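Chemist: Next one to model:
(one chain, ligands or ions: 1)
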Amino acid sequence: MIIAVFLTTVLIVFLIQWYYERKKYYKFADLIPSAKNYGILGHGPHFLGKNDEGRFKLLHDLCLKYNHLIKLWLGPAILWVLVNDPKSIQKVLLSPVCLEKPFFYKFLRLDSGLISAKYDVWKIHRKSLNYSFNLRILQTFIPIFIENAQKLVNDLAVNIGKTKEFDMLAYTSKSALNMICGTSFGLDIKNITMGDDVFHALEKLNRAISARSQSFFLYSEPIYRMSKYYRDEMESRNVCYSSADMIIKVKRKALEDEESADNNDHEHNVDTDELYRESLERFPQLRSLKKEDVIDQIKASLQKKVTQAGDEDMPTRKIFIDHVICNDTKFTDNEIRDHVYTVVAAGSETTALQTAHTIMLLATHPEIQERVVAEIKDVFFSDAVEVNYDNLVKLEYLERVVKESLRLCPVVPVIGRETQAPIKIDDDIEIPAGITLLINFYTLHRRPDIWGDDAEEFNPDHFLPEHVEKRHPYSFLPFSGGQRNCIGYRYAMIALKTLLVHLLTAYKFSSSMTYKDLRFKTDINLKLCTKHLVSIEPRN
Ligand code: HEM
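Modeler: Numbering: from 1, shown residues only. The predicted structure is shown next:
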């Protein structure tokens, strides 16, 4: 009895102390506005009973209304601060104390993948992987983008003349996955057994992770493990991991074969007797050494020269997979797997969705579609004009169309950061360490005070240079900003433009849907609530 009273008293004292400490720590939050707070339930009841679309819309409306900062309590203990205006967003994204990702990125279970890695791991890996995304490497990908774009055009041909509309995303998804395999892994998807199964596994995995991040109760690992989502996640993860492992195995073998072929060539091509004679002529002092020793020295120095030449060239030479598995990076097997999986997950669905969203915008705006096509015809006026980087840069209107699509449909609509030290957002508010900050790009891109009265309209002229220069540079952030921005942003822009040039040259896209029918929801990425329904007619 005495023990029970004692333990209860200790627990009560502990809870009171915890409550006051927490109150003191979160005092800053009193200065941040919010919608009605339901005490111990926080702001949860606002979101209750809403579907994915409703929750996303509510978040958008709240961020528009509280256009500087807004707080959201998820129950009594979890606080999120949404940072909404370009000036504050710039402060956060450029701050060295906001490079950490919040707890929910752990749900991805990719400890070394760039998206979710802890800051200390991320900074080493990002520096190393930047090499694989430099412009010189990306330009060498254009033939692979073209090959995939032509295949996409051919695949779509079955829909010519059909009255029933088809789902554009189903086609772009496979194409984007093939592109990543071809470019980042140097693989031809036909030669490996990665296809529909990986594609469906990635979708299922995204659904499970997204369901977890949107349900406060599933944050607890033991509770989540009892849910259907956990089983789905593990099943899909196995499929993705075995494909990643296979990619690594195939590439390791190819690199080993290449290396031994190089060595053999090298040994076969070198006439050591000839070199021995030459060396003795140039360096008579070598005559005092044994012939075998001299030849060994010659071979060693030749090998060194080959390696050094390779190293000099290293930053521009290696595609992603060769870079992560080569010995220079010293990545462990688990790290390599996380990187491979991250690039598939981060690079394929984003490119697929953005292409499909852009096609929907053009299908619902025929006059803009015709203007892009006219520009493409101007630049590629004959079959002899190549689709290469320089010619893609000439497509200024297409560039504005792609940017407008990224503005209205940023496929990564919301990101998170965690403060590692206090950060002053404005004169009144200093946010302490350990707080989760969210940035909602979808809302930022639709603020009428930044984009004007036609903020909700699809108007590529929002990106005319005279309009761009009047806006705050952090008003448009589809690829995020600062050091932890999207490593693949140039890749994505080149891939998108190459796909669109081929699609729009081959077909005229139309849809029975109107622009107003395009409603959005988010799981991890920004999705349409409906399918991307279009029909096509061949262009001549
Ligand atoms: C339209 C296409 C794309 C969009 C809109 C996009 C957007 C973004 C955004 C907003 C982030 C920041 C995420 C965060 O902080 O939580 C990000 C990160 C990342 N993206 Fe992309 N992305 C696209 C395509 C790609 C492609 C094609 C690749 C790879 C080939 C890629 C690889 C990555 C990686 C690895 C990160 C993590 C970077 C880091 O933290 O260092 N993305 N992306």
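Chemist: Closest residue of the chain to the ligand?
Modeler: Closest residue of the chain to the ligand, Cβ to the nearest ligand atom: residue 488 (2.3 Å). In this view, the C-beta of every residue, glycine as well, is placed from N, C-alpha and C.
Chemist: Next, the contact list for that residue, please.
Modeler: By Cβ atoms under 8 Å, 6 or more residues apart in numbering, the contact list for residue 488 reads 133, 343, 346-347, 350.
Chemist: What sits closest to residue 517 if chain neighbours are left out?
Modeler: In this structure, residue 517 finds its nearest non-sequential neighbour in residue 530, 6.9 Å apart by Cβ to Cβ, 6 or more residues apart in numbering.
Chemist: hang on, that neighbour in a strand?
Modeler: No: counting by DSSP: H, G, I helix; E, B strand; the rest coil, residue 530 is not found in a strand; it is coil.
Chemist: List the contacts of it.
Modeler: Residue 530 touches 513, 517-519, counting by Cβ under 8 Å, 6+ apart.
Chemist: Residue 208 now?
Modeler: For residue 208, the contacting residues are 229-230, 232-233, 236, by Cβ under 8 Å, 6+ apart.
Chemist: Can you flag which of these belong to helices?
Modeler: If you go by DSSP state H, the contacts of residue 208 have 229-230, 232-233, 236 in helices.
Chemist: would you list those in a markdown table and tack on distance to residue 255, pLDDT and neighbour count?
Modeler: Shown next, in a markdown table, are these (distance: Cβ to Cβ, whole Å; pLDDT from 0 to 100; neighbours: other Cβ atoms under 10 Å):
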| residue | distance to residue 255 | pLDDT | neighbour count |
| --- | --- | --- | --- |
| 229 | 38 | 95 | 20 |
| 230 | 36 | 96 | 16 |
| 232 | 35 | 95 | 17 |
| 233 | 32 | 94 | 23 |
| 236 | 29 | 92 | 22 |
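Chemist: Now do the strands in this structure.
Modeler: All strands of the chain, identified by DSSP state E, fall at 69-74, 78-83, 166-167, 414-418, 423-424, 430-431, 436-440, 507-510, 520-522, 526-528, 533-538.
Chemist: so, in contact with the ligand or not, the second one?
Modeler: No: residues of strand 78-83 contacting the ligand under Cβ under 6 Å from any ligand atom: none, with a closest distance of 13.2 Å.
Chemist: Parallel or antiparallel, list what pairs with that strand.
Modeler: Its sheet considered, strand 78-83 pairs with strand 69-74 (antiparallel), strand 436-440 (parallel) by DSSP bridges.
Chemist: With distance to the ligand as added columns, please give the ones you listed in CSV.
Modeler: Below are the strands paired with strand 78-83 laid out as CSV (distance: least, Cβ to the nearest ligand atom, whole Å):
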stretch, distance to the ligand
strand 69-74, 18
strand 436-440, 8
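Chemist: What residues does the stretch 401-540 of the chain have near the ligand?
Modeler: Near the ligand, when you scan the stretch 401-540 of the chain using Cβ under 6 Å from any ligand atom, you find 410-412, 415, 478-480, 484, 486-488, 491-492.
Chemist: Kindly report the same for the stretch 101-250 of the chain.
Modeler: So far as Cβ under 6 Å from any ligand atom goes, the stretch 101-250 of the chain lies against the ligand at 114-115, 126, 184.
Chemist: Let me have the residues you listed in a markdown table, extended by pLDDT and neighbour count.
Modeler: Formatted as a markdown table, these follow (pLDDT from 0 to 100; neighbours: other Cβ atoms under 10 Å):
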| residue | pLDDT | neighbour count |
| --- | --- | --- |
| 114 | 95 | 20 |
| 115 | 95 | 19 |
| 126 | 92 | 15 |
| 184 | 85 | 28 |
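Chemist: and residue 370, how many neighbours?
Modeler: Residues within reach of residue 370, counting by other Cβ atoms under 10 Å, total 13.
Chemist: ugh, typo on my part, it should be residue 96
Modeler: 11.
Chemist: tell me the pLDDT at it?
Modeler: Note for residue 96: predicted pLDDT of 96.
Chemist: do residue 283 as well
Modeler: If you check residue 283, the pLDDT there is 55.
Chemist: Setting aside sequence neighbours, what's the nearest residue to residue 32?
Modeler: With sequence-adjacent residues excluded and distances taken as Cβ to Cβ, 6+ apart, residue 32 is closest to residue 71, at 4.3 Å.
Chemist: Bridged to the one you found, which residues?
Modeler: Beta-bridge partners, per DSSP bridges, of residue 71: residue 81.
Chemist: how about low-confidence regions in the stretch 351-500 of the chain?
Modeler: Within the stretch 351-500 of the chain, no range satisfies pLDDT under 70.
Chemist: related to what we said a few turns ago, how near is the residue nearest to residue 517 to residue 516?
Modeler: Relative to residue 516, residue 530 is positioned 12 Å away (Cβ to Cβ, to the nearest Å).
Chemist: Was I right to think residue 218 contacts residue 226?
Modeler: No: contact criterion Cβ atoms under 8 Å: residue 218 and residue 226 do not qualify, at 9.6 Å.
Chemist: and the gap between residue 524 and residue 108?
Modeler: Residue 524 is 9 Å from residue 108, by Cβ to Cβ.
Chemist: Kindly report the same for residue 370.
Modeler: For residue 370, the distance to residue 108 (Cβ to Cβ) stands at 42 Å.
Chemist: Next: residue 459.
Modeler: In this view, residue 459 and residue 108 are 35 Å apart by Cβ to Cβ.
Chemist: In contact with residue 53, which residues?
Modeler: Residues in contact with residue 53, defined by Cβ under 8 Å, 6+ apart, are 519-521, 529.
Chemist: just to revisit the earlier point, which ones are touching the residue nearest to residue 32?
Modeler: Residue 71 makes contact with 29, 32-34, 79-82 under the criterion Cβ under 8 Å, 6+ apart.
Chemist: what does residue 153 give?
Modeler: 502-503, 506-507.
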